[in-house]
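[1] okay, structure incoming, though there's no sequence with it:
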């Protein structure tokens, strides 16, 4: 077990140069923890296409990608290291659930069939550099699934030095920790420390998230990557959010519907606000994210991998009531800590009280659209709607639920009328008053603009 934990730590450290290079290229402030999580997302996007051309996941390959990303980032990006007062107590409080989850996962066997038959088998095949039709190892049940997570797991196994898939559960705790870092990075300027710690505690202690993280399935990574993409989009980091949206696409096919919702809501918001100058960057982002999925589709077409359990149709509309009933029961299930209903109620309160209506409408739109997308997928099932819902709905609902939990600190404090820290500092003259809230098109200043900004 010690060897496995050391290997995972080595793998995450090896991903830091790649992540920091991506942060530089996307002109985001460089923080080590965020750099590691960004490296995880970037590796899930880059490693599958490299495998398609014959390069298996390995430490030298990831280091080479990191060196290239750092070189381009330093040459063409913005070399800015974030400087902020470090707060010791909140990280200590938030580290407790992650350490306990990692301890639970360190010795847990891979005992979920879908995890063993899909993600784990693929990771082993990539680790041993064998094709998916190799007769010495049972082939994956769904070879058409994306290879982002198995590629990352195979790279971690290389760092461990053995095919010890049992310890891979610890890696899933890193995804939850990465989401916590993103929430802190995006929301801390707008939410006081302790409300934010309370909201993050809900994310990290949520029973559904913790239990599903130890199944070895791809739902927790997908939820964390997608929620991070939404937060970066809302915080004005379109380029960085695109990296996480592409990583979500490389994780699981469910992400196709989720990412489509993200861009649909984003385009609608830009058109409603008549911010035509933001249409072109958003269109470029959507094109690049869609382009990242092309190698996966080409690989599937080349190898005749077309098995599908979902196909858009209207043949099962009579099952709509059943799908809505099952989803509605889980909305208020204790395992999800009522995060989604509370977030929706907080957004409605904001609308009624006339506070941050753009934020409230954006949250309502994306959450309801995500649920609608899930309903559409389920009524399009080809293997029987009832079977598909009963076997997967507890996992698929995690994505909109984790997103709602991540946004709760901001929504609840706004609904209660709390003054945001940035607004307070702007009032006192310690920040330019042009600093904006998430989902209001915040733009970062370049170095020259910061030089001309009002002095503190």
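    Nice, thanks for sending it over. These numbers come from a predicted model, not from an experiment.
[2] how close does residue 66 get to residue 58?
    13 Å (C-beta to C-beta, to the nearest Å). C-beta: built from backbone N, CA, C; applies to glycine.
[3] between those two, who's got more neighbours?
    Neighbour comparison, residue 66 and residue 58: the larger count goes to residue 66, with 22 against 17 (by other C-beta atoms under 10 Å).
[4] wait, what's in contact with the more buried one?
    14-18, 20-21, 39 (C-beta atoms under 8 Å, 6 or more residues apart in numbering).
[5] can you check residue 233 too?
    Residue 233 touches 241, 262, 266, counting by C-beta under 8 Å, 6+ apart.
[6] between those residues, which has the most around it?
    For the contacts of residue 233, neighbours tallied by other C-beta under 10 Å; top is residue 241, 26 neighbours.
[7] grab the nearest non-local neighbour of it.
    Leaving out its chain neighbours, the residue that sits closest to residue 241 by C-beta to C-beta, 6 or more residues apart in numbering is residue 232, at 3.3 Å.
[8] these two touch, right, that neighbour and residue 226?
    No: using C-beta atoms under 8 Å, residue 232 is not in contact with residue 226; the gap is 10.9 Å.
[9] now for those two: what residues contact both?
    residue 244.
[10] so these two - more neighbours on which side?
    In terms of neighbours (other C-beta under 10 Å), residue 226 is the more surrounded of residue 232 and residue 226; the figures are 29 against 25.
[11] helix/strand/coil for that one?
    Counting by DSSP: H, G, I helix; E, B strand; the rest coil, the backbone at residue 226 sits in helix.
[12] so where does the closest residue to it other than its chain neighbours fall, helix or strand?
    Counting by C-beta to C-beta, 6+ apart, residue 248 is the residue found nearest to residue 226 once chain neighbours are left out, at 4.4 Å. Applying DSSP states H and E as the criterion places residue 248 in helix 238-249.
[13] show me what the very next helix or strand once past that helix is packed up against.
    Next along the chain after helix 238-249, taking DSSP H and E as the criterion, comes helix 255-273. Where contact means 3 or more C-beta pairs under 8 Å, 6 or more residues apart in numbering; DSSP states H and E, helix 255-273 is packed against helix 219-234, helix 238-249, helix 279-292, helix 357-379.
[14] who's in contact with helix 255-273?
    Counting by C-beta under 8 Å, 6+ apart, 222, 225-226, 229-230, 233, 245, 248-249, 276, 278-279, 282, 285-286, 289, 293, 358, 362, 365-366, 369-370, 373-374, 376-377, 399, 439, 441 sit against helix 255-273.
[15] buried subset of these?
    Restricting the contacts of helix 255-273 to buried positions leaves 222, 225-226, 229-230, 233, 245, 248-249, 278, 282, 285-286, 289, 293, 358, 362, 365-366, 369-370, 373-374, 377, 399, 439, 441, with burial counted as 16 or more other C-beta atoms under 10 Å.
[16] touching, the residue nearest to residue 226 and residue 225? I think so.
    Yes: using C-beta under 8 Å, residue 248 is in contact with residue 225, at 4.3 Å.
[17] count of residues packed around residue 148?
    30.
[18] verify the stated contact: it with residue 41.
    No: checked against C-beta under 8 Å, the pair residue 148 and residue 41 is beyond contact range at 9.0 Å.
[19] ok, residue 30 touching residue 21?
    No: Residue 30 is not in contact with residue 21 according to C-beta under 8 Å; the separation is 9.4 Å.
[20] which one of the two has more residues nearby?
    More neighbours surround residue 21 than the other of residue 30 and residue 21, with 26 against 20 (other C-beta under 10 Å).
[21] what sits against the more buried one?
    66, 68-73, 77.
[22] for residue 202, same thing?
    So residue 202 contacts 337, 339, 405, 408 (C-beta under 8 Å, 6+ apart).
[23] give me the nearest residue to the third one, chain neighbours excluded.
    What that stands for is residue 405. Counting by C-beta to C-beta, 6+ apart, the residue nearest residue 405 is residue 339, at 3.9 Å.
[24] list the contacts for the one you found?
    Taking C-beta under 8 Å, 6+ apart as the test, what residue 339 contacts is 202, 206, 401-402, 404-405, 408.
[25] repeat that for 6 Å
    Residue 339 sits next to 401, 404-405 when contact means C-beta atoms under 6 Å, 6 or more residues apart in numbering.
[26] equivalent analysis for residue 186, please.
    Counting by C-beta under 6 Å, 6+ apart, residue 186 has contacts 231, 235.
[27] that one: which element?
    Going by DSSP H and E, residue 186 is in helix 169-187.
[28] can you give me the helices in the stretch 301-450 of the chain?
    In the stretch 301-450 of the chain, the helices defined using DSSP state H, counting those that start in this stretch lie at 320-331, 339-353, 357-379, 385-396, 398-415, 421-427, 447-452.
[29] just these: most buried one?
    helix 398-415 (a mean of 26; mean count of other C-beta atoms under 10 Å).
[30] angle of that helix against helix 238-249?
    Counting by axes from the mean of the first three to the mean of the last three C-alpha atoms, to 10 degrees, helix 398-415 lies at 150 degrees to helix 238-249.
[31] chain center to helix 398-415: distance?
    14 Å (C-alpha atoms, centre = their mean, to the nearest Å).
[32] counting by contacts, list what that helix packs against.
    Applying 3 or more C-beta pairs under 6 Å, 6 or more residues apart in numbering; DSSP states H and E, we find helix 398-415 packed against helix 193-205, helix 219-234, helix 339-353.
[33] which of those helices sits closest to residue 126?
    helix 219-234 (16.2 Å; C-beta to C-beta).
[34] okay, angle between that closest one and helix 255-273 too, please.
    Using the same axes, to 10 degrees, helix 219-234 lies at 20 degrees relative to helix 255-273.
[35] what angle sits between helix 219-234 and helix 385-396?
    60 degrees.
[36] let me see the mean pLDDT of helix 219-234.
    Across helix 219-234, the average pLDDT comes to 96.
[37] stretch 198-216 too?
    So the average pLDDT for stretch 198-216 ends up being 94.
[38] end-to-end on it?
    27 Å (C-alpha to C-alpha, to the nearest Å).
[39] chain center to it: distance?
    With C-alpha atoms, centre = their mean, you get 14 Å for stretch 198-216.
[40] 285 is where my numbering starts, stick with that
    Let's use 285 as the start, then, which means that last one is stretch 482-500.
[41] mind listing what's buried along it?
    Buried residues in stretch 482-500 (16+ other C-beta under 10 Å): 483-488, 490, 492-494, 496-500.
[42] shaky segments in the stretch 335-484 of the chain?
    Residue ranges of the stretch 335-484 of the chain with pLDDT under 70: 362-371, 415-425.
[43] now the helices for it?
    343-360, 373-390, 397-398, 405-411, 432-444, 453-471, 477-489.
[44] number of nearby residues for residue 586?
    Neighbours of residue 586 using other C-beta under 10 Å come to 9.
[45] kindly report the same for residue 376.
    Applying other C-beta under 10 Å, I find that residue 376 has 9 neighbouring residues.
[46] against residue 481, how distant is it?
    Distance from residue 376 to residue 481, by C-beta to C-beta: 10 Å.
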